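S.K.: sequence plus the predicted model coming up.
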Amino acid sequence: MSEQAVTAQSEDFSRWYNEIVYRADLAAPSPVRGCVIIKPYGYEIWEGIKAGLDRRFKATGHQNAYFPLFIPESYIKREAQHVEGFSPELAVVTHAGGKELEEPLVVRPTSETVIGEAFSDWIQSYRDLPLLINQWANVVRWELRTRPFLRTAEFLWQEGHTAHATHDEAEAETLQMLDIYAEFAIDDAAIPVIKGEKSRLERFAGALRTYTIEAMMRDKRALQSGTSHNLGQNFAKAFDIRYLTESNLQEYCWTTSWGLSTRMVGAVVMTHGDDKGLRLPPKLAPHQVVIVPITRRDDQLTAVMDTVERLDRELQAAGIRVHVDRREGQSPGFKFNDWEMRGVPVRMEIGPKDVENNNAVLARRDLPGRQGKQFVPQAGIVDVVTALLDEIQANLLDDAREFRDRNIHDVANYDELKQVVAEGAWARAWWGGSDEDELTVKDETGATIRCFPFDQPDQSGKCVLTEKAAERIALFAKAY
RNA sequence: CGGGGCGUGGCGCAGCCCGGUAGCGCGCACGGUUUGGGUCCGUGAGGUCCCCGGUUCGAAUCCGGGCGCCCCGACCA
């Protein structure tokens, strides 16, 4: 590490983010513009996200499959709004095998079209429904301004695609998957997301309705962290996805799609991180506990290492992800700082004194300095560590929720909205405006409607901009 | 696509104005020293100075052209 500390969040949040992503070894620059290499430490966080989601998908009856990276250009063009939404950011292969292709191939920006085409073959009758498919894949969207994890030209995600017999079943699926995203975000990533519906302007190209989980980052900007779309019959009509009903009638299916990407890694970084670096929620942390052995002289080495190995085995046997820092060149002090920067929830120090007293020193990452440090007996270490990890997981969520709630303000009129947004916070307001009105707010304040939260007041009110009657409140914020 | 900046060991930079043996910090390797909050010392490895052309006895440095990257403004998981 050349410089010692990272840039403070308060000083320059985006610089802090960039530094921490590279210095904590989550990612490395790639030779291709707009792309990143995801390094093992970052990829392990993604693997944790995958595991948490995949388990929930399977539990709700979904199966994984894999569809091709390349999509015939004509497919993309079949659904009008879809083309319009995506064409500016498509990467297209025009040459292969040394000659020009008869039909260019689009590198998938998402797979509604290929999957829709496949579904039209697979589905014959109502007995084939619902069809519940998910794929883990990479997609490419040629973005101009990129940031590691938050927006890159290529990213990893999962995309679920389902087909149903009725609108209501599709709607139920769309909402169920949003619930799964929210549950995962809150329980595993410790990110207190807000569920809601997107405005017409922010809706997925070709969807009837788009739902979202919105999270507040430490700089108070909003991050759309997962989306779920009810596609109605738009794609079914474009790709001829039909089924025969019990009474032998041809009907179009109702389809859905839903996705969550490696952006979630960025969300974890920006929700919990502090001036010292990452703070990883135990459920997603590649290492939940790091043991730093402290040996003053060579003759103490064996005794210390024996204890370290024994505790390592005990914790591992209990299913805790432990890492022993055996590096020889670095001092303990260096290692403490290093692991703090990398966000490991619990550090265990074992030195000669601890061997002698049958103690261990535990330091928790979510509380600063001395406050987070405690001496505990080695006997019963598994229970203590397990409880501590649970406590840290809960504490990170509480912290983030408290921060979020403190920075959302109800506003009664447009001036207040402007002021709240100018201060960087989120504004909650009645909204009954048109698309144009929404754009006006965006132009004048930089904020967009993040969502209409599911959680709505009982009464109705007056639109914050037009002062006409409004049925729903919306959340306004600057977003990534 | 408009405005600004930068291309020099792995990373961050100095050198360029005023042409003359390519330098510093970090990292890396080795040896020693240290180790309970970012040890210290020594030795060493490592560079087509973005590319092409020009000027010159001589170009990282001057001139012309090209390429690439980063930052700031309109779209997006």
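M.R.: Received, thanks. Numbering: from 1, shown residues only, chains lettered A, B, ... in the order given.
S.K.: pLDDT weak spots in chain A?
M.R.: Filtered on pLDDT under 70, chain A yields the residue ranges A:1-5.
S.K.: can you list the domain ranges for it.
M.R.: With domains defined by automatic domain parsing, chain A comprises A:13-272, A:289-403, A:408-477.
S.K.: looking at the ones you listed, which is closest to RNA strand B?
M.R.: Smallest distance to RNA strand B across these (Cβ to the nearest atom of the strand): 2.2 Å, for domain A:289-403. Glycine gets a C-beta too; all of them are placed from N, C-alpha and C.
S.K.: quick one: closest of the domains of chain A to A:Lys283.
M.R.: domain A:13-272 (4.6 Å; Cβ to Cβ).
S.K.: return the residues in contact with A:His409.
M.R.: Residues in contact with A:His409 (Cβ atoms under 8 Å, 6 or more residues apart in numbering) are A:416, A:420, A:425-428.
S.K.: that one - that's part of a helix, no?
M.R.: No. If the criterion is DSSP: H, G, I helix; E, B strand; the rest coil, then A:His409 is strand and not within a helix.
S.K.: ranges for the strands of the stretch 251-400 of chain A?
M.R.: Counting by DSSP state E, counting those that start in this stretch, the stretch 251-400 of chain A has strands at residues A:254-261, A:289-293, A:322-324, A:346-350, A:359-364, A:373-377.
S.K.: and the shortest one, what does it pack against?
M.R.: Using 3 or more Cβ pairs under 8 Å, 6 or more residues apart in numbering; DSSP states H and E as the contact definition, the elements that strand A:322-324 packs against are strand A:289-293, helix A:298-317.
S.K.: try 10 Å
M.R.: Strand A:322-324 sits against strand A:289-293, helix A:298-317, strand A:346-350, with contacts defined as 3 or more Cβ pairs under 10 Å, 6 or more residues apart in numbering; DSSP states H and E.
S.K.: over to the fifth one?
M.R.: Where contact means 3+ Cβ pairs under 10 Å, 6+ apart, strand A:359-364 is packed against strand A:289-293, helix A:298-317, helix A:332-341, strand A:346-350, helix A:352-357, strand A:373-377, helix A:381-406.
S.K.: swap in 7 Å and give it another go.
M.R.: strand A:346-350, strand A:373-377, helix A:381-406 (3 or more Cβ pairs under 7 Å, 6 or more residues apart in numbering; DSSP states H and E).
S.K.: out of the ones you listed, deepest packed?
M.R.: strand A:346-350 (a mean of 24; mean count of other Cβ atoms under 10 Å).
S.K.: pairing partners for that one, with directions?
M.R.: Strand pairing for strand A:346-350, using DSSP bridges, gives strand A:289-293 (parallel), strand A:359-364 (antiparallel).
S.K.: adding distance to A:Leu223 and mean neighbour count, write those strands out as JSON lines.
M.R.: Compiled in JSON lines, the strands paired with strand A:346-350 are given as follows (distance: least, Cβ to Cβ, whole Å; neighbours: other Cβ atoms under 10 Å):
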{"stretch": "strand A:289-293", "distance to A:Leu223": "28", "mean neighbour count": "24"}
{"stretch": "strand A:359-364", "distance to A:Leu223": "26", "mean neighbour count": "20"}
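S.K.: tabulate the ones you listed (JSON lines), appending distance to A:Met216.
M.R.: Formatted as JSON lines, the strands paired with strand A:346-350 follow (distance: least, Cβ to Cβ, whole Å):
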{"stretch": "strand A:289-293", "distance to A:Met216": "29"}
{"stretch": "strand A:359-364", "distance to A:Met216": "24"}
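S.K.: turn these into JSON lines, including distance to RNA strand B.
M.R.: Output for these, formatted as JSON lines (distance: least, Cβ to the nearest atom of the strand, whole Å):
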{"stretch": "strand A:289-293", "distance to RNA strand B": "8"}
{"stretch": "strand A:359-364", "distance to RNA strand B": "4"}
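S.K.: that older thread, please identify the most buried of the domains of chain A.
M.R.: domain A:13-272 (a mean of 19).
S.K.: first residue to last residue on it, what's the distance there?
M.R.: With Cα to Cα, to the nearest Å applied, domain A:13-272 spans 13 Å between its terminal residues.
S.K.: same check on stretch A:110-130?
M.R.: End-to-end distance for stretch A:110-130, by Cα to Cα: 21 Å.
S.K.: quick one: contacts of it?
M.R.: A:67-68, A:71, A:75-76, A:78, A:82, A:131, A:135, A:139, A:159, A:161-165, A:169, A:206, A:235, A:238-241, A:243-246, A:253, A:257 (Cβ atoms under 7 Å, 6 or more residues apart in numbering).
S.K.: does RNA strand B sit close to that stretch?
M.R.: No. Counting by Cβ under 7 Å from any atom of the strand, RNA strand B is not contacted by stretch A:110-130; separation bottoms out at 8.2 Å.
S.K.: about what we covered before: and A:Leu278, which of the domains of chain A is closest to it?
M.R.: domain A:289-403 (2.8 Å).
S.K.: for A:Asn134, what are its contacts?
M.R.: A:57, A:62, A:64, A:158, A:160.
S.K.: strand partners of the helix or strand in which the fourth one is found, parallel vs antiparallel please.
M.R.: Pointing back at A:Gln158 there. Using DSSP states H and E, A:Gln158 falls within strand A:154-164. The strands that strand A:154-164 pairs with in its sheet are strand A:131-140 (antiparallel), strand A:254-261 (antiparallel) (by DSSP bridges).
S.K.: re the thing from before, mind checking which of the helices and strands packed on strand A:359-364 is nearest A:Glu47?
M.R.: If you check each of the helices and strands packed on strand A:359-364 against A:Glu47 by Cβ to Cβ, helix A:381-406 wins as the nearest, at 17.9 Å.
S.K.: run the angle between that closest one and helix A:298-317 for me.
M.R.: On the basis of axes from the mean of the first three to the mean of the last three Cα atoms, to 10 degrees, helix A:381-406 is oriented at 70 degrees to helix A:298-317.
S.K.: do stretch A:50-61 and RNA strand B meet at all?
M.R.: No. Stretch A:50-61 stays clear of RNA strand B (Cβ under 7 Å from any atom of the strand), getting no nearer than 13.4 Å.
S.K.: actually stretch A:174-190, sorry about that
M.R.: No. Figure legend: stretch A:174-190 not in contact with RNA strand B (Cβ under 7 Å from any atom of the strand); closest approach 10.5 Å.
S.K.: what does that stretch contact?
M.R.: With Cβ under 7 Å, 6+ apart, stretch A:174-190 has contacts from A:52-53, A:56, A:60, A:160, A:191-193, A:195, A:211, A:213, A:215, A:225-226, A:228-230, A:256, A:258, A:260, A:264, A:267-268, A:272, A:281, A:283-284, A:393, A:396-397, A:400.
S.K.: change it to 8 Å
M.R.: Outside stretch A:174-190, the residues that touch it by Cβ under 8 Å, 6+ apart are A:48-49, A:52-53, A:56-57, A:60, A:160, A:191-193, A:195, A:209, A:211-213, A:215, A:225-226, A:228-230, A:256, A:258, A:260, A:264, A:267-268, A:271-272, A:281, A:283-284, A:393, A:396-397, A:400.
S.K.: so which of the residues you listed belong to helices?
M.R.: A:48-49, A:52-53, A:56-57, A:264, A:267-268, A:271-272, A:393, A:396-397, A:400 (DSSP state H).
S.K.: now, among these, which is nearest to A:Ser87?
M.R.: A:Met264 (26.6 Å).
S.K.: who are the contact partners of the closest residue to the closest one other than its chain neighbours?
M.R.: Take A:Met264 and drop its neighbours on the chain: the residue closest to it by Cβ to Cβ, 6 or more residues apart in numbering is A:Ile49, 5.3 Å away. Taking Cβ under 8 Å, 6+ apart as the criterion, A:Ile49 is in contact with A:184, A:188-189, A:260, A:264-265, A:284.
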